[in-house]
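In: dropping the sequence and predicted coords here.
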Amino acid sequence: LRIMCMKKGTRLDEVFTTLKDLLDTVESIDGIKFAKSQRYGYVTSCPSNLGTGMRASVHIKVPNLTADGTDKKAKEICGPLGLSVRGTGGEHTPIGADGTIDVSPRARLFIKERDIVAKLYQGIEDLMKAEKAAGKK
């Protein structure tokens, strides 16, 4: 079962709240049970998603940081926060022609959903500061 929740804008909390409401609804249906460990979280078919099972990402346009045609500068900013940068088509895809990148936390094991959202907010803030500074050069 894969549930996706997407929204244009900057309010990650609204997307997360909608997703949580959807998941609560699905889990409340009689007869539906998910493999879950109190210690490790949800058991999923993909080992990289063990735990929260949540993969959150944002698409953000940073044309000044990607003006050289690479995502190198964005990765330098996001890496220390534990965030991955990739193309908008997913892993191993190029950045968008308009400088749009996909940013998401690398870890999903032993991480809480609120920490995922907090890292994304910090990454967005740091990227936007660097993008603005790069535009002034």
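Out: Arrived safely.

In: which strands or helices does the lengthiest helix in the chain pack on?
Out: Once the chain is assigned using DSSP state H, the helix that runs over the most residues is helix 113-135. Here helix 113-135 touches helix 12-27, strand 58-61, helix 72-78, strand 83-86, strand 100-105, going by 3 or more C-beta pairs under 8 Å, 6 or more residues apart in numbering; DSSP states H and E. Glycine gets a C-beta too; all of them are placed from N, C-alpha and C.

In: any regions of this structure where pLDDT drops low?
Out: 1, 40, 44-53, 108 (pLDDT under 70).

In: closest to the centroid, which residue in it?
Out: Centroid-nearest residue in the chain: residue 57, 2.2 Å away (criterion: C-alpha atoms, centre = their mean).

In: for that residue, which non-adjacent residue is closest in space?
Out: In space, and not counting its chain neighbours, residue 57 is closest to residue 104: 3.6 Å by C-beta to C-beta, 6 or more residues apart in numbering.

In: re earlier: which one of the helices and strands packed on helix 113-135 lies nearest to residue 114?
Out: Nearest to residue 114 among those is helix 12-27; the distance by C-beta to C-beta comes to 8.5 Å.

In: next, the angle helix 113-135 makes with that closest one.
Out: Relative orientation of helix 12-27 versus helix 113-135 (axes from the mean of the first three to the mean of the last three C-alpha atoms, to 10 degrees): 150 degrees.

In: tabulate the CA atom coordinates of helix 12-27 in PDB.
Out: Taking Å, rounded to 0.1, in the frame of the first residue of the first chain, the C-alpha atoms of helix 12-27 are listed here in PDB:
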ATOM      1  CA  LEU A  12       4.900  21.000   4.800                       C
ATOM      2  CA  ASP A  13       2.900  20.800   8.000                       C
ATOM      3  CA  GLU A  14      -0.400  20.900   6.000                       C
ATOM      4  CA  VAL A  15       0.800  18.000   3.800                       C
ATOM      5  CA  PHE A  16       1.900  16.000   6.800                       C
ATOM      6  CA  THR A  17      -1.400  16.600   8.700                       C
ATOM      7  CA  THR A  18      -3.400  15.500   5.600                       C
ATOM      8  CA  LEU A  19      -1.200  12.400   5.300                       C
ATOM      9  CA  LYS A  20      -1.600  11.500   8.900                       C
ATOM     10  CA  ASP A  21      -5.400  11.900   8.700                       C
ATOM     11  CA  LEU A  22      -5.400   9.500   5.700                       C
ATOM     12  CA  LEU A  23      -3.200   7.000   7.400                       C
ATOM     13  CA  ASP A  24      -5.400   7.100  10.600                       C
ATOM     14  CA  THR A  25      -8.400   6.500   8.400                       C
ATOM     15  CA  VAL A  26      -6.900   3.500   6.600                       C
ATOM     16  CA  GLU A  27      -5.700   2.000   9.900                       C
END
